[in-house]
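Peer 1: Sequence and computational prediction follow.
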Amino acid sequence: MQLVCPAGSLPALKAAVRQGADAIYVGFRDDTNARHFAGLNLDEKQLQTGLELIRKEGRKLYVAVNTYAQPGGWQRWQRAVDHAAELGVNALIAADPGVLAYACKHHPDLNLHLSVQGSATNAAALSLYQQRYNIRRAVLPRVLSLAQVRQVAEKSTVPLEVFAFGSLCIMAEGRCHLSSYLTGESPNLCGVCSPAKAVRWQEDADGLSSRLNGVLIDRYAKDEPAGYPTLCKGRFMVNGQRFHALEEPTSLNTLDLIPQLAAIGIKAVKIEGRQRSPAYVEQVTRVWRAALDAYARAPQSFSVQPQWRSALATLSEGSQTTLGAYHRSWQ
Amino acid sequence: MKLSLGPVLFYWTREKLLNFYAEMLEQPLDVIYLGETVCSKRRAFGLDEWLGLARDLRGSTTAELVISGLALVEAASELSSLRRLCDNGELLVEANDMGAVQFLSERKLPFVAGPALNVYNGHALAELIDCGMQRWVPPVECSGALIQDSLEQLDRLGVARPELELFAYGHLPLAYSARCFTARAENRPKDDCQFCCQNYPEGIPLLSQEGEALFTINGIQTMSAKVNNLLADYPQLQQVGADLLRLSPRAEGMAEVVQAYHAVRQGSLPPLAVEGCNGYWHGRPGMLGAEEAGLC
C-alpha cells in the first residue's frame, strides 16, 4: 500500500519525503482546496522546489483542488486545474463534477483522484465518476465500516485510498454544513471548518471557554486540557446531559487495520493534516513508513509495535485514538 | 410558484405518517415527496409501502408524487435497495447520492437532484443535466446570489435551465454521519438502536452549555435547531427564478405552514419578518435570522 502524506508547507513536504512518503499531497494558496487556512499551503517558488525534490527522490506529488467551485470564482478553479497540469503533478484530487469534467476534457493525461469531499461511499457513485471523468482513484469518506470498505472494493474497479491517521471527521465529508451554519464558511465552499477567525477564547473565574462566532463550543475547568473548538467535538447539552454529543476530541488511527486493508486490496493509505506542523508530518510519516515496511517484509507476523502506538498517541487530539467508523461499535 | 412537501426527515410511526399524508391531501400542494432519506434501518415503512401509499394518494390528489432516495448509501444492501427504488417504474426519483444519479442515468430516467447532492455551480449543473437532472434543489447552504450566479453561468454554457426548487421551510438537513447520534444520546449501540429515533417526532434538541439551541439530532442526520423560513424573502425567491418552494415536514402545524405560503403566492403581502432563520439565503451563517443579519 502506498503511503500518502500531507504537506501544508515546504518544510512539511521535505519532512514527508525524508521519512519515506510515497506521495505527498498539497494545495494551492487559495480557496480551491479544503485546507484554505491563513499562512498555509505552498507558493509558486516553494512548489517548484518541492516538486524538484519529489522528482529527484522518485516520489509523487498530488495537488488537491477539492472544494466546490463558486460560480463567481470559476476561473480560479479552472486556473488551478490548468496549473496542476502544467506542473506535471502525478494526480489532481478533485470533488466538483464541474471541475472534474473540465480537467478530464482539457487535460486528458492528468490523473484524476476523486477527493474524499466527493463523498462517494458506494460502488455506483464510484462508477459514475469513473465513467464520466475516468478517475484513477477515489478517497473513501471516513464513514464506512471495514466490512463496507470491503464491499465497495469488491464491487468497484476504482482503486481505493482510505484515511489511515489524523483528525477524525465524524460526518461524511462533503456532506456537512455544520460549520457554515454557525460561521458562514464551510469545507465545501470555502475550504475551512470551524475557521480560526471565528474562534474566541475567554478566560474567567470558572475556567476557559471556547467560542465559534459567539457560540459556546466547550468550557474547560482550570486543570482540563483545552482543544481547538472544532464544532463537532464540543460538549453540548442533549436531554439534560452535558457530554460530547457528537464526538470526543480524538484522532483516527488504523495501524491495527493494515493487514485487513491490504487484504481488501486498498491501494493507498492517507495521513490527514495539511494544517499540521512539519514535526507532526515527520513523526507520523516515520511511524507509518515503519509499519507498512514491517507489514511488507512479513505480512503473516505483523503486529503493531508499542513504540509506534505511543508515538502516534502523543500526536493525537486529546491523546486519544480510535478506529472510528471502521469499527462498527464506534457508530 | 409551486409548493412542494419535502420527504419526512424524521422517523414517524406508520399511523402518524398515514394521518399526516391524509391531512396534507387537503392542502394546495403541487408536489409531494415520499420515501426515507435518512436511515435505512427505518423499516416501519419500506419501499413497497411508500409505493403503495403513492398509489393511494394518486387517487385523491393531483399533486406530482416523487420518491426520494437515501442520502448516505454505505452497505451493499442499501445500494441494492436504492437500485430497486430507481427501478420503481412509476414515480420520478429524487437522487440524494451520486449512486442514485448513476442508476438513473444508466436507465436514461429523468430525476430531481436533492439537497444532499453537491451541485454548487453552472458547470456542475450542466454535468447533472447531462445525467438526466430536470429539477435542482440546491444544497441548503447556498445563498440566493450563488444560486442565481450558477443559473446564469449555465445560461452562458448554452444549457437550458432545470426547474429550481428551494428548501424554503423546515429544520435544515446539515450533515450525515455513520454514527447515530440519537442512539448515542440514549447510550445504545447503533446496531441495537431499538429505533429510538421514533420517540422523537421532531428530533432531539442539541443545546450549547449556555442553553442556546444549535442543532437537532435526527439519527445519523444533524439538522439545524432553528426552522429555516424564507417566506419573508418571497419576492427575492421569485426574482432568482424559483419554480418550487419546498416545505419540509414538521411534527405539528404543517397545514398552517402550507396555508401561509399559499396565501403569499396568491398575492398576499409576505410578512416583514418571520421566526426562525434565513441566514444562508442572504449569504450569512445559516443560523441567523434576517434581523440578526442586519437586513431589516
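Peer 2: That came through fine.
Peer 1: ok, and for stretch A:274-291, which residues are buried?
Peer 2: Going by neighbour count (16 or more other CB atoms under 10 Å in any protein chain shown), the buried part of stretch A:274-291 is A:274-276, A:278, A:280-291. Bear in mind the C-beta positions are built from the backbone N, C-alpha and C, glycine included.
Peer 1: now stretch A:146-156
Peer 2: For stretch A:146-156, a neighbour-count test (16+ other CB under 10 Å) marks A:L146, A:Q148, A:V149, A:R150, A:Q151, A:V152, A:A153, A:S156 as buried.
Peer 1: I'd like to know which of those residues are part of strands.
Peer 2: Of these, none are assigned to strands by DSSP state E.
Peer 1: so which of these are also by chain B?
Peer 2: For chain B, the contacts drawn from the buried residues of stretch A:146-156 by CB under 8 Å from any CB of the partner chain are A:Q148, A:Q151.
Peer 1: Of all the residues in stretch A:37-48, which ones are buried?
Peer 2: Residues A:F37, A:L40, A:N41, A:L42, A:Q46, A:L47 are the ones in stretch A:37-48 that count as buried (16+ other CB under 10 Å).
Peer 1: Out of those residues, which sit inside helices?
Peer 2: Mapping the buried residues of stretch A:37-48 onto helices (DSSP state H) picks out A:Q46, A:L47.
Peer 1: Of the buried residues of stretch A:37-48, which is the nearest to chain B?
Peer 2: A:F37 (18.9 Å; CB to the nearest CB).
Peer 1: ok, now which ones touch the closest one?
Peer 2: With contact set as CB atoms under 8 Å, 6 or more residues apart in numbering or on different chains, A:F37 has these partners: A:G8, A:V192, A:A196, A:Q275.
Peer 1: Repeat that for A:N66.
Peer 2: By CB under 8 Å, 6+ apart, A:N66 lies in contact with A:G27, A:T32, A:N33, A:A34, A:I93, A:A94, A:A95, A:S115, A:V116, A:Q117, A:G118.
Peer 1: How about A:V192?
Peer 2: Contacts for A:V192 (CB under 8 Å, 6+ apart) come out as A:R35, A:H36, A:F37, A:S179, A:E185, A:S186.
Peer 1: try 7 Å this time
Peer 2: For A:V192, the contact set (CB atoms under 7 Å, 6 or more residues apart in numbering or on different chains) comprises A:H36, A:F37, A:E185.
Peer 1: could I get these as JSON lines with pLDDT?
Peer 2: Below are those laid out as JSON lines (pLDDT from 0 to 100):
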{"residue": "A:H36", "pLDDT": "86"}
{"residue": "A:F37", "pLDDT": "81"}
{"residue": "A:E185", "pLDDT": "95"}
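Peer 1: could I get those residues as TSV with distance to B:V101?
Peer 2: Converted to TSV, the contacts of A:V192 look like this (distance: CB to CB, whole Å):
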residue	distance to B:V101
A:H36	27
A:F37	32
A:E185	27
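Peer 1: neighbours around residue 127, how many?
Peer 2: In the absence of a named chain, chain A is used. For A:S127, the number of neighbouring residues by other CB atoms under 10 Å in any protein chain shown comes to 21.
Peer 1: should've been chain B
Peer 2: 24.
Peer 1: and if you look at B:L51?
Peer 2: 20.
Peer 1: So the nearest residue to it once chain neighbours are set aside versus A:D218, what's the distance?
Peer 2: Leaving aside its sequence neighbours, B:L51 sits nearest to B:N88 (CB to CB, 6 or more residues apart in numbering or on different chains; 6.0 Å). Per CB to CB, to the nearest Å, B:N88 is found 46 Å from A:D218.
Peer 1: Just name the shakiest helix or strand of chain A by mean pLDDT.
Peer 2: Within chain A, no helix or strand scores below strand A:321-322, which has a mean of 80 by mean pLDDT, DSSP states H and E.
Peer 1: That one and chain B, are they touching?
Peer 2: No. Against chain B, strand A:321-322 shows no contacts by CB under 7 Å from any CB of the partner chain, the least distance being 11.2 Å.
Peer 1: Name the residues that touch that strand?
Peer 2: Under the criterion CB under 7 Å, 6+ apart, residues A:L168, A:T250, A:S251, A:L252, A:N253, A:L312, A:A313, A:W330 lie in contact with strand A:321-322.
Peer 1: OK, now which residue of the stretch 101-250 of chain B is nearest to chain A?
Peer 2: Per CB to the nearest CB, B:H123 is where the stretch 101-250 of chain B lies closest to chain A, at 2.8 Å.
Peer 1: which SSE is the closest residue in space to that residue that isn't next to it in sequence in?
Peer 2: The shortest distance from B:H123 to any non-neighbouring residue, by CB to CB, 6+ apart, is to A:G98 (2.8 Å). Per DSSP states H and E, A:G98 falls inside helix A:97-106.
Peer 1: closest to A:G88 among the contacts of strand A:321-322?
Peer 2: Using CB to CB, A:L252 comes nearest to A:G88 of the contacts of strand A:321-322, at 31.8 Å.
Peer 1: in what helix or strand does A:S209 lie?
Peer 2: Per DSSP H and E, A:S209 falls inside strand A:207-212.
Peer 1: for B:V93, same thing?
Peer 2: Here B:V93 sits within strand B:92-95, counting by DSSP H and E.
Peer 1: how about that strand: buried residues?
Peer 2: Buried residues in strand B:92-95 (16+ other CB under 10 Å): B:L92, B:V93, B:E94, B:A95.
Peer 1: ok, so of those residues, who is nearest B:L166?
Peer 2: Checking these against B:L166 with CB to CB, the nearest one is B:E94 at 14.3 Å.
Peer 1: ok, A:V199 - how many residues close by?
Peer 2: Around A:V199 there are 16 residues (other CB under 10 Å).
Peer 1: State the distance from the residue most central in space within chain A to A:V281.
Peer 2: Central residue of chain A (CA atoms, centre = their mean): A:E272, 3.8 Å from the mean position. Plainly put, A:E272 is 11 Å away from A:V281 if you go by CB to CB.
Peer 1: Between those two, which contacts overlap?
Peer 2: A:P6.
Peer 1: so how far is the least confident helix or strand of chain A from its chain's centroid?
Peer 2: Centroid separation for strand A:321-322 versus its chain: 16 Å, with CA atoms, centre = their mean, to the nearest Å.
Peer 1: Which residues are in contact with A:Y326?
Peer 2: A:Y326 sits in contact with A:S145, A:L146, A:T254, A:L257, where contact means CB under 7 Å, 6+ apart.
Peer 1: Tell me which residue in chain A sits closest to chain B.
Peer 2: Chain A approaches chain B most closely through A:G98 (2.8 Å), counting by CB to the nearest CB.
Peer 1: before we move on, the earlier item: any idea which helix or strand carries the residue of the stretch 101-250 of chain B closest to chain A?
Peer 2: Here B:H123 is assigned to helix B:122-131, by DSSP H and E.
Peer 1: starting at the chain centroid, how far to that helix?
Peer 2: 20 Å.
Peer 1: quick one: that helix to helix A:97-106, angle?
Peer 2: Angle, helix B:122-131 to helix A:97-106, by axes from the mean of the first three to the mean of the last three CA atoms, to 10 degrees: 80 degrees.
Peer 1: Flag every buried residue along helix B:122-131.
Peer 2: B:G122, B:H123, B:A124, B:L125, B:A126, B:E127, B:L128, B:I129, B:C131.
Peer 1: Contacts for that helix, please.
Peer 2: A:69, A:71, A:74, A:96-98, A:101-102, B:101, B:105, B:113, B:119, B:136, B:150, B:153-154, B:157, B:159, B:162.
Peer 1: Pick the one among the contacts of A:V192 closest to A:R136.
Peer 2: Nearest member of the contacts of A:V192 to A:R136, counting by CB to CB, is A:H36, at 25.1 Å.
Peer 1: Many thanks, I have nothing further to ask.
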